[in-house]
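In: Following is a predicted model, sequence given first.
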Amino acid sequence: MTAEPRPEPLRDAERTRSDLIEVATAVFAEQGYSGARVDEIAERTRTTKRMIYYYFGGKEQLYLAVLENAYRGIREAEQRLQVDHVDPVDAIRAVAEMTFDHHIAHQDFIRLVAIENIHRGQFIARLDTLRTLGAPATSLLGQILDQGRERGVFRDDVDALDVHILISSYCVFQVANRYTFGHLFDVDFTEPDTHAHLRRMLGDVVVGWLTSRHQ
């Protein structure tokens, strides 16, 4: 009879769990949920399949942990922004550009979102925590929009979710269509000047839209 994995000290356990999530994120993003193999994740982390099951319970639970961690990353980045006493126009630009930078730096996140949509949200629907986790995104945008309206610089027919959709759509495009769009139009989204141009363009689009007067 094979012995169960022995519990690790708390710090080592947290490090092991973090390493497993990091590697599993890459594997699920590369191969999708169906193609990813727990054996490969174990091999890449130089651990055992039994250890993965010990920490997460199975492949599905590991995938759920990966999804939650990926969404938590962008929410934590938003919360680190200090925009309480910043001009609302500058603040909304900062949110847009930070989101752009995060998506480009964490392209596995976009691939995971695409995979989850292929599965029609089958797994994310089991993560009730993500609804609460998503609230700070619209709360931050709502706060900035309120400040902008109070100063008379933002239109009043747009809400936080509208802005979130616009920013997210633009940022996702840079990753989701990198290869197809790049081939068709001979553009490299990873080239520094192109990256800076597209980042600045997003800020201009969001600010321009919010400061335009509704007809």
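Out: Sure, I can see it.

In: C-terminal to the longest helix seen in the chain, what's the next element?
Out: Across the chain, the helix with the greatest residue count (assigned by DSSP state H) is helix 10-35. Counting by DSSP states H and E, the next helix or strand C-terminal to helix 10-35 is helix 38-44.

In: list the helices and strands the lowest-mean-pLDDT helix or strand in the chain packs on?
Out: Across the helices and strands of the chain, mean confidence by mean pLDDT, DSSP states H and E is lowest for helix 129-150: a mean of 83. With contacts taken as 3 or more CB pairs under 8 Å, 6 or more residues apart in numbering; DSSP states H and E, helix 129-150 sits against helix 59-79, helix 88-105, helix 160-176. To be clear about C-beta, it is placed using only N, CA and C from the backbone, and glycine gets the same treatment.

In: can you redo those as JSON lines with mean pLDDT and mean neighbour count?
Out: Shown next, in JSON lines, are those (pLDDT from 0 to 100; neighbours: other CB atoms under 10 Å):
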{"stretch": "helix 59-79", "mean pLDDT": "90", "mean neighbour count": "18"}
{"stretch": "helix 88-105", "mean pLDDT": "95", "mean neighbour count": "19"}
{"stretch": "helix 160-176", "mean pLDDT": "94", "mean neighbour count": "17"}
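
In: Make a markdown table from those and add distance to residue 210 to it.
Out: Shown next, in a markdown table, are the helices and strands packed on helix 129-150 (distance: least, CB to CB, whole Å):
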| stretch | distance to residue 210 |
| --- | --- |
| helix 59-79 | 18 |
| helix 88-105 | 6 |
| helix 160-176 | 7 |
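
In: out of those helices, which comes closest to residue 132?
Out: With CB to CB as the criterion, residue 132 lies closest to helix 59-79 of these, at 9.9 Å.

In: Name the surrounding residues that touch that closest one.
Out: Contacts of helix 59-79 with the rest of the structure, by CB atoms under 8 Å, 6 or more residues apart in numbering, involve 20-21, 24-25, 28, 33, 36, 38, 41, 52, 56, 95, 98-99, 102-103, 106, 108-109, 112-113, 116, 123-124, 126-127, 129-130, 133-134, 136-137, 140.

In: can you do 6 Å?
Out: Residues outside helix 59-79 that contact it (CB atoms under 6 Å, 6 or more residues apart in numbering): 21, 24-25, 28, 33, 38, 56, 102, 109, 112, 123, 127, 130, 133, 136-137, 140.

In: From those residues, list the buried ones, please.
Out: 21, 24-25, 28, 33, 38, 56, 102, 109, 112, 123, 130, 133, 137, 140 (16 or more other CB atoms under 10 Å).

In: buried set for the least confident helix or strand of the chain?
Out: Buried positions in helix 129-150, judged by neighbour count with 16+ other CB under 10 Å: 130, 133, 137, 138, 140, 141, 144, 145, 147, 148.

In: how close does the third one get to residue 165?
Out: When CB to CB, to the nearest Å is applied, the distance between residue 137 and residue 165 equals 11 Å.

In: now stretch 112-122, how far from the centre of its chain.
Out: In terms of CA atoms, centre = their mean, to the nearest Å, the centre of stretch 112-122 is found 14 Å from the chain centre.
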